[in-house]
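1. I need the structure of the sequence given here:
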Amino acid sequence: MNKADPNKQGWEQSEFPILCETCLGESPYMRMTKQDHGRECKICTRPFTIFRWCPGKNMRFKKTEICQSCAKLKNTCQTCMLDLEFGLPVQVRDSILQVKEAAPQSDVNREYFMQNAEKQLENGASYHDYSKADSAARETLKRMARREPYYKRNRAHLCSFFVKGECTRGETCPYRHEMPEENNELSKQNIKDRYYGNNDPVAKKYLARLGDRAQLKSPDDPTVTTLFLTGITEEVTKEDLEQKFYIYGELKSVVLSHAKRCAFINFVTRAAAEQAIQQTFGRLTIHDAIVRVAWARPRKQGPQSELKAGAFGSTAEGAQMPLPPGALNEKVTYASQDPTLLGSASTSGQHK
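-> I've put the predicted structure just below:
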């Protein structure tokens, strides 16, 4: 840890870097070099300990880019500057949590801020306490979080000689023989912008994807008032679903199928269903399990609807639950506690 008096700029010394699983690599055995005061931090411009390593075979060498004090202030990896808990860009995390940047960016104010921040860090203070954040925002981050390491991010850089058609090393070339994508914004990333959460192209892709989810289009059929839930675990009960959705409006029925890991929530009014999906889409968690919410599919109108009724259990508002493969050749009977949601239908013999 950096030890500095109020009138002297300190130099950081550390024994191991602060890294995410992706940057560290999947190999349990690696050689990591260490150089004390090897370079200045690209955020606070103070000398710090540089670590350099290769995360795996056919991967490029990686090194730490910022000091540990700057990494602790943002709870980020020293190399990729992604959040350590959710694996998301800082701009995405702070936008969802509605956190504003507190660190000054001018030289004199930044040094004074870093000295005071390091003293607080030594005393056990934390600048990234998510427990006080809104529960809906935390559920959104949990849904967007990357749960597994993404080692593809450690691949070697593109071979510039291959792009020019002049590489003669063939398979022994340590760089990738691929053509670069045209107008690729991800190739123009700035470390300071990524750290402070300003104009980060990776964050823009995440936020654009989140915006598309927020603008979930409602079905054109105004009679559809049923929501379709997937990702239901064995711990989820019908009472859990009723408790989650009754606050948005009167429920007509709730059907739960643990075998298919899904459920149908049928509201009395369309307004209640729209409010429920706006509040739960992309942010619903039941018993620590992420549940996906979508509109149920309306039943197609036409002469074939009655013929297909024998192969589908139709919901109250026309939503359909398909049978498992091979069920058309067997005698099947649907039964539900609520006959208005799942009707009884049976088929026998070959379906033609």
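2. What segments of the stretch 201-350 of the chain are strands?
-> For the stretch 201-350 of the chain, strands defined by DSSP state E, counting those that start in this stretch occupy the ranges 226-230, 251-257, 262-267, 284-286, 289-295, 312-314, 320-322.
3. Any stretches of the stretch 251-352 of the chain with poor pLDDT?
-> 282, 299-352 (pLDDT under 70).
4. Okay, helices next: where are they in the protein?
-> Along the chain, counting by DSSP state H, helices occupy 21-24, 68-74, 90-97, 107-122, 135-144, 160-164, 191-196, 201-214, 238-245, 270-280, 305-308.
5. Just tell me which of those helices ends up closest to Lys260.
-> helix 238-245 (14.5 Å; C-beta to C-beta). Bear in mind the C-beta positions are built from the backbone N, C-alpha and C, glycine included.
6. any idea of the pLDDT on the nearest residue to Met30 once chain neighbours are set aside?
-> Among residues not flanking Met30 along the chain, Trp53 sits closest, at 5.5 Å (C-beta to C-beta, 6 or more residues apart in numbering). Predicted confidence (pLDDT) for Trp53: 94.
7. Quickly list what Trp53 is bridged to.
-> Per DSSP bridges, the residues bridged to Trp53 are Met32, Lys62.
8. From Gly87, how far out is it?
-> 20 Å (C-beta to C-beta, to the nearest Å).
9. Repeat that for Lys192.
-> Using C-beta to C-beta, we find Lys192 at a distance of 20 Å from Gly87.
10. Those two - which one has more neighbours?
-> Comparing Lys192 with Gly87 by other C-beta atoms under 10 Å, the one with more neighbours is Gly87, at 21 against 12.
11. isn't the residue nearest to Met30 right next to Phe61, touching?
-> Yes: here Trp53 reaches Phe61: they are 7.0 Å apart, a contact under C-beta atoms under 8 Å.
12. If you count surrounding residues, which of these two has more?
-> A count of neighbours by other C-beta under 10 Å puts Trp53 above the other of Trp53 and Phe61, at 22 against 12.
13. give me every residue that touches the more buried one.
-> 25, 30-33, 61-63 (C-beta atoms under 8 Å, 6 or more residues apart in numbering).
14. Understood, closing this out.
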